[in-house]
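Trainee: predicted model follows, preceded by the sequence.
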Amino acid sequence: MHRLSLEKARAVAHTREGRREWILSADTVVADGQHVLGKPRTRAQAREFLRQLRGRKHRVLTGLTLLETSSDNSWTELALTSVRMRRYSDRELERYLETDDPMDKAGAYGIQHTGFHPVASIEGCYANVMGLPLCHVRNLILAAGLSAPADLPALCRAQLGRQCSVREAQISAARPMKGSKKT
């Protein structure tokens, strides 16, 4: 995942030679055991993906890269979310396929689709499954020594109406445990 997002960033940087710019790139896949599901090429493949995922747990992985063009310095991060799909019917699946929504989504589904609702539960970052995991973007920005332009976790929470499990985990990890001392 990191390699693909880095390749994407470098491909864009190649077109921007001589300029000092920051490039953010990402690449997302759905992993069902050893099977990697990208974006389906055909409606038949989308149907196959959705049947494979139905009622099962899989992982959504997004590799992110922040690249500074003049130095070619890069920072990478991996977002990982576990997703359990519900047992949707063949009829629901076929109606969803008619929307063409599955065709530009890794794993052939959109967690946010209001008519289909394919997901039963998640563990991890909802924004990672939906699109761009902003807390991970924030981590890259800070790792590069930049200041985040806004409170990305708050923006994400406001937009999605959900607590950010990634940000909450970072806050918990940063707190000293009972009985420990800050040094």
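Mentor: In hand now; what should we look at?
Trainee: how deep is residue 150 tucked in, by neighbour count?
Mentor: 9 (other CB atoms under 10 Å). Where C-beta positions appear, they are placed from N, C-alpha and C, glycine not excepted.
Trainee: to which secondary structure element type does it belong?
Mentor: coil (DSSP: H, G, I helix; E, B strand; the rest coil).
Trainee: secondary structure element for the residue nearest to the spatial centre of the chain, which one?
Mentor: Centroid check for the chain by CA atoms, centre = their mean gives residue 128 as the closest residue, at 2.7 Å. Per DSSP states H and E: residue 128 is located in helix 126-130.
Trainee: contacting residues around the closest residue to residue 40 other than its chain neighbours?
Mentor: What sits nearest to residue 40 in space, not counting adjacent residues and going by CB to CB, 6 or more residues apart in numbering, is residue 46, at 3.8 Å. Residues in contact with residue 46 (CB atoms under 8 Å, 6 or more residues apart in numbering) are 40, 97, 102-103, 108.
Trainee: returning to what we had before: ok, and what's touching the helix holding residue 128?
Mentor: Contacts of helix 126-130 (CB under 8 Å, 6+ apart): 28, 60, 62, 79-81, 83, 110-112, 119, 122, 133-136, 156, 160, 162, 164-165.
Trainee: C-terminal to it, what's the next element?
Mentor: Downstream of helix 126-130, the next assigned helix or strand under DSSP H and E is helix 134-143.
Trainee: send the alpha carbons of that following helix over as CSV?
Mentor: Provided in CSV are the C-alpha atoms of helix 134-143 (Å, rounded to 0.1, in the frame of the first residue of the first chain):
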residue,chain,number,x,y,z
LEU,A,134,-8.3,12.6,7.9
CYS,A,135,-6.6,11.6,11.2
HIS,A,136,-4.0,9.8,9.2
VAL,A,137,-3.5,12.8,6.9
ARG,A,138,-3.1,14.9,10.1
ASN,A,139,-0.4,12.4,11.3
LEU,A,140,1.5,12.8,8.0
ILE,A,141,1.3,16.6,8.1
LEU,A,142,2.7,16.7,11.7
ALA,A,143,5.4,14.1,10.9
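Trainee: tell me the mean pLDDT over that helix?
Mentor: Taken as a whole, helix 134-143 has a mean pLDDT of 89.
Trainee: how about the helix or strand encompassing the residue nearest to residue 40: buried residues?
Mentor: Counting by DSSP H and E, the element that carries residue 46 is helix 43-53. Buried residues in helix 43-53, counting neighbours by 16 or more other CB atoms under 10 Å, are found at 45-47, 49-50, 52-53.
Trainee: touching, residue 45 and residue 107? I think so.
Mentor: No - the pair residue 45 / residue 107 is not scored as a contact, 11.0 Å apart, by CB atoms under 8 Å.
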